[in-house]
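Undergrad: The following block contains a protein sequence and its predicted model.
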Amino acid sequence: MDLAKVERVYTSYAKVYDRIFGKVFHEGRQSIIQNLNVQPHEKILEVGVGTGLALPMYPRHCQIVGIDFSEGMLDQAKQKAAEHRMDHVELHRMDAGEMEFKDDSFDTVVAAYVVTAVPDYRKVVSEMIRVCRPGGRIIMLNHFSNDNKAIAAIEKVLSPLTKHLGWRTDLALQTVLDGTPLHVTRKQHVNPLRLWALVECVNKKNVNGKTHVNGVKNANGAVGYAHINGSRLSEQASGQALG
Ligand SMILES: C[S@@+](CC[C@H](N)C(=O)[O-])C[C@H]1O[C@@H](n2cnc3c(N)ncnc32)[C@H](O)[C@@H]1O
């Protein structure tokens, strides 16, 4: 799936998205925010904010920036923000794989049902790490492939089909985390059949003044993440083109 497809697929869902994916995935979104203990003036980034279903659940004392690549999804989010008079929310059309924010811009970065819906999860997770301050929180809510090998095999078979619907089913949490400076502090199974996981991490980049430098191979043999001086993912550093 490339960015043109993200725009096409998600914009075609936009007007019916809340009816299809609202209630059924509500528990996960609610669990993220209920447990965040958001501090006054905390800066929160919602990556792949979609139609903004989670936005009304945040307390108004924080600042929220939501980004999405789909114009149609973002229009729905803008309508919600206007209806609920959410002056603490800013919304921008932006590629999560190449964000326009400076390093360390946010205290907390949330990606709900996003890492399996983007063209390149490595770019997106690298960017989430870059724009989140050291010691900040990164929360991913997603269906990750199952630990059970038989179910994981079925998910792998289904993935080429679900890609046409806008997401993949074959991505393992460990594959996403390998080679990152993310330290998991909480993992909770949510939503129907407990097939989705809410994973809260601390961003341990630049810990003790040491920059996280990395270009390791992850579990799939795919190149991992590279962070030099906390800046944008460096293809040079890993020695391979990512994508
Ligand atoms: C399954 S929806 C999740 C929406 C919302 N977070 C929710 O809780 O319902 C995935 C969203 O990610 C967005 N998306 C996919 N790739 C993206 C990218 N590279 N940059 C920004 N948004 C992207 C899609 O447009 C879509 O709105």
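TA: Thanks, I have the structure now.

Undergrad: near the ligand, which residues of this structure show up?
TA: 3, 6, 10, 21, 29, 48-50, 53-54, 67-70, 73, 95-97, 112-114, 117-119 (CB under 6 Å from any ligand atom). Where you see a C-beta, it was placed from the backbone N, CA and C, and this is true even at glycine.

Undergrad: Out of those residues, which end up buried?
TA: Taking 16 or more other CB atoms under 10 Å as the criterion, what is buried in those is 3, 6, 10, 29, 48-50, 53-54, 67-70, 73, 95-97, 112-114, 117-119.

Undergrad: In strands, which of these appear?
TA: Residues of those located in strands (DSSP state E): 67, 68, 112.

Undergrad: Quick one: mean pLDDT over the longest strand anywhere in the chain.
TA: In the chain, assigned by DSSP E, the strand with the most residues is strand 132-142. The pLDDT scores in strand 132-142 average 97.

Undergrad: So which elements touch it?
TA: Applying 3 or more CB pairs under 8 Å, 6 or more residues apart in numbering; DSSP states H and E, we find strand 132-142 packed against helix 26-34, strand 106-112, strand 196-203.

Undergrad: Of the ones you listed, which stretch is the most buried?
TA: Per-stretch averages of neighbours, counted by mean count of other CB atoms under 10 Å, single out strand 106-112 among these, with a mean of 24.

Undergrad: and the angle from that one to strand 196-203?
TA: Angle, strand 106-112 to strand 196-203, by axes from the mean of the first three to the mean of the last three CA atoms, to 10 degrees: 160 degrees.

Undergrad: which other residues reach strand 106-112?
TA: Residues from elsewhere that reach strand 106-112 (CB atoms under 8 Å, 6 or more residues apart in numbering): 25, 28-29, 32, 36, 38-39, 42-48, 50, 54, 65, 96, 124, 128, 131-133, 136-142.

Undergrad: Centre-most residue in the chain?
TA: residue 111 (2.8 Å; CA atoms, centre = their mean).

Undergrad: got a list of what the residue of the chain at minimum distance from the ligand touches?
TA: The nearest approach of the chain to the ligand comes at residue 50, 2.5 Å away (CB to the nearest ligand atom). By CB under 8 Å, 6+ apart, the residues touching residue 50 are 10, 17, 68, 70, 73, 76, 77, 112, 113.

Undergrad: Please tell me how far the fifth one sits from residue 198.
TA: Just to be clear, that refers to residue 73. 21 Å (CB to CB, to the nearest Å).

Undergrad: Helix, strand or coil: sort out the residue of the chain most remote from its centre for me.
TA: Distance from the C-alpha centroid of the chain, by CA atoms, centre = their mean, peaks at residue 150 (26.7 Å). Following DSSP: H, G, I helix; E, B strand; the rest coil, residue 150 is assigned to helix.

Undergrad: Quick check: residue 120 touching residue 97?
TA: Yes: with contacts counted by CB atoms under 8 Å, residue 120 reaches residue 97, the gap being 5.6 Å.

Undergrad: thinking again about what came up before, could you export the helices and strands packed on strand 132-142 as a markdown table, including mean pLDDT?
TA: Formatted as a markdown table, the helices and strands packed on strand 132-142 follow (pLDDT from 0 to 100):
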| stretch | mean pLDDT |
| --- | --- |
| helix 26-34 | 96 |
| strand 106-112 | 98 |
| strand 196-203 | 96 |
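
Undergrad: can you pull the contacts of the spatially closest residue to residue 94 that is not a sequence neighbour?
TA: Nearest non-adjacent residue to residue 94, counting by CB to CB, 6 or more residues apart in numbering: residue 67, 4.1 Å away. Shown in contact with residue 67 (CB under 8 Å, 6+ apart): 45, 46, 47, 48, 49, 91, 92, 93, 94, 96, 99.

Undergrad: Export those residues as CSV, with columns for pLDDT.
TA: Shown next, in CSV, are the contacts of residue 67 (pLDDT from 0 to 100):
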residue, pLDDT
45, 98
46, 98
47, 98
48, 98
49, 98
91, 98
92, 98
93, 98
94, 98
96, 98
99, 98
